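**Q** pasting the structure only:
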């Protein structure tokens with residue numbers, strides 16, 4: 001009997017669809033494919049990228065910091081506690097740090113488990129992974145830390161890098177004047193100097209301002225000119241940077257459980273923020289949360 005009733009219901013639905021004007025059916029189809037929410041899973045994940053300067057800078061960026069900063073000093077530790085309190089109100093369910101996933105995820109978690117049990121001392125470890133990541137995770141009762149950084153191999157032109165003269169090359173190609181219009185080092189130097197004068201929260205609020213992050217991102221888009229029409233060194237260099245951030249994003253995607261309501265926090269060098277922020281904002285599975293929403297409370 002139930003099967004018979006169900007059959008009548010399906011038949012009635014088919015008849016109603018057939019009787020519906022073709023224009024209405026087409027409109028529904030168009031609305032369906034135009035709706036950005038069609039592919040969304042059971043839950044969207046909240047995502048925040050807290051952009052930081054490296055407390056223990058490895059000197060791998062083009063600008064080399066010259067102004068000292070000691071996160072281990074009593075003054076900065078007090079400021080760090082304020083930062084942790086503010087970010088804790090976001091209530092992240094997973095804390096994701098800028099260590100290579102393949103190389104260091106297991107190592108980081110062995111250390112974190114010891115830290116939770118007070119058998120791993122971070123009082124002499126300046127890295128923000130320890131000072132922010134470990135301490136915040138322990139404060140929130142997390143059982144695990146997540147590493148999501150990745151490398152991106154170089155696929156571009158093979159040059160004699162030791163003897164490559166970028167200015168001579170740009171002048172030869174007629175690209176020097178256009179490439180030298182913008183001077184970003186003074187911008188980096190000012191930001192570097194302000195970290196010694198501002199409180200930790202004030203400084204991170206400044207560098208996490210979207211307009212500040214856009215300015216930093218624009219440096220990549222002006223450097224893209226180098227080698228255009230020849231070896232495309234600039235474009236390939238920027239492509240390498242994009243690939244790294246896409247790999248980071250893929251790692252985050254991998255560790256998130258979309259069947260439950262999650263809130264992830266990434267702690268990354270500020271240079272990564274603009275691209276990661278855009279990826280989270282464009283994804284159908286994430287809602288992006290600006291860190292300054294919590295830093296300014």
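**A** Structure received. Since the model is a prediction, treat every value here as computed from it, not as a measurement.
**Q** from here on, contacts and neighbour counts on C-alpha atoms
**A** OK.
**Q** Determine the number of other residues adjacent to the residue nearest to residue 129 when sequence neighbours are not counted.
**A** Nearest in space to residue 129, with sequence neighbours left out and distances taken as Cα to Cα, 6 or more residues apart in numbering, is residue 97 at 6.2 Å. By other Cα atoms under 10 Å, the residues close to residue 97 number 26.
**Q** Same question for the one 3 residues further on.
**A** Neighbour count for residue 100, taken as other Cα under 10 Å: 16.
**Q** and it, what does it touch?
**A** Applying Cα atoms under 8 Å, 6 or more residues apart in numbering, one finds that residue 100 lies in contact with 147-151.
**Q** If we use 10 Å, what do you get?
**A** Contacts for residue 100 (Cα atoms under 10 Å, 6 or more residues apart in numbering) come out as 108, 146-151, 248.
**Q** Identify those among these that sit within strands.
**A** 146-149 (DSSP state E).
**Q** Which one of those sits in the busiest neighbourhood?
**A** residue 147 leads those on contacts (other Cα under 10 Å) with 28 neighbours.
**Q** in stretch 154-170, what counts as buried?
**A** residue 170 (16 or more other Cα atoms under 10 Å).
**Q** got the contact list for that stretch?
**A** So stretch 154-170 is contacted by 172-180, 225-227, 230-237, 239-241 (Cα under 10 Å, 6+ apart).
**Q** I'd guessed the residue nearest to residue 129 sits against residue 149; true?
**A** Yes: distance between residue 97 and residue 149: 7.4 Å, which falls inside the contact criterion (Cα atoms under 10 Å).
**Q** Overlap in contacts, these two.
**A** 105, 268.
**Q** Output the ones in strands among the contacts of residue 100 in JSON lines; the columns should cover distance to residue 161 and pLDDT.
**A** Output for the ones in strands among the contacts of residue 100, formatted as JSON lines (distance: Cα to Cα, whole Å; pLDDT from 0 to 100):
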{"residue": "146", "distance to residue 161": "35", "pLDDT": "98"}
{"residue": "147", "distance to residue 161": "31", "pLDDT": "98"}
{"residue": "148", "distance to residue 161": "30", "pLDDT": "98"}
{"residue": "149", "distance to residue 161": "26", "pLDDT": "98"}
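**Q** Show the contacting residues for residue 266.
**A** 47-51, 92, 94-98, 133, 146-148, 252, 273, 276.
**Q** which SS state does it fall under?
**A** Assigned with DSSP: H, G, I helix; E, B strand; the rest coil, residue 266 falls in the strand class.
**Q** Please report how far it lies from residue 98.
**A** 8 Å (Cα to Cα, to the nearest Å).
**Q** any idea how far residue 165 is from residue 204?
**A** 36 Å.
**Q** And residue 157, by the same measure?
**A** Where residue 165 is concerned, residue 157 sits at a distance of 15 Å (Cα to Cα).
**Q** Spit out the residues that contact residue 266 and residue 98 alike.
**A** By Cα under 10 Å, 6+ apart, the residues touching both residue 266 and residue 98 are 133, 146-148.
**Q** any chance of those residues in JSON lines, plus distance to residue 257?
**A** Listed next are the shared contacts of residue 266 and residue 98 as JSON lines, based on distance: Cα to Cα, whole Å:
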{"residue": "133", "distance to residue 257": "20"}
{"residue": "146", "distance to residue 257": "13"}
{"residue": "147", "distance to residue 257": "16"}
{"residue": "148", "distance to residue 257": "15"}
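**Q** For the stretch 51-200 of the chain, which segments are assigned as strands?
**A** In the stretch 51-200 of the chain, strands defined by DSSP state E, counting those that start in this stretch lie at 94-100, 146-149, listed in chain order.
**Q** so who does residue 199 touch?
**A** With contact set as Cα under 10 Å, 6+ apart, residue 199 has these partners: 75-76, 78-80, 83, 205.
**Q** Using JSON lines, please lay out the strands of the stretch 51-200 of the chain together with distance to residue 285.
**A** Putting the strands of the stretch 51-200 of the chain into JSON lines (distance: least, Cα to Cα, whole Å) gives the following:
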{"stretch": "strand 94-100", "distance to residue 285": "16"}
{"stretch": "strand 146-149", "distance to residue 285": "18"}
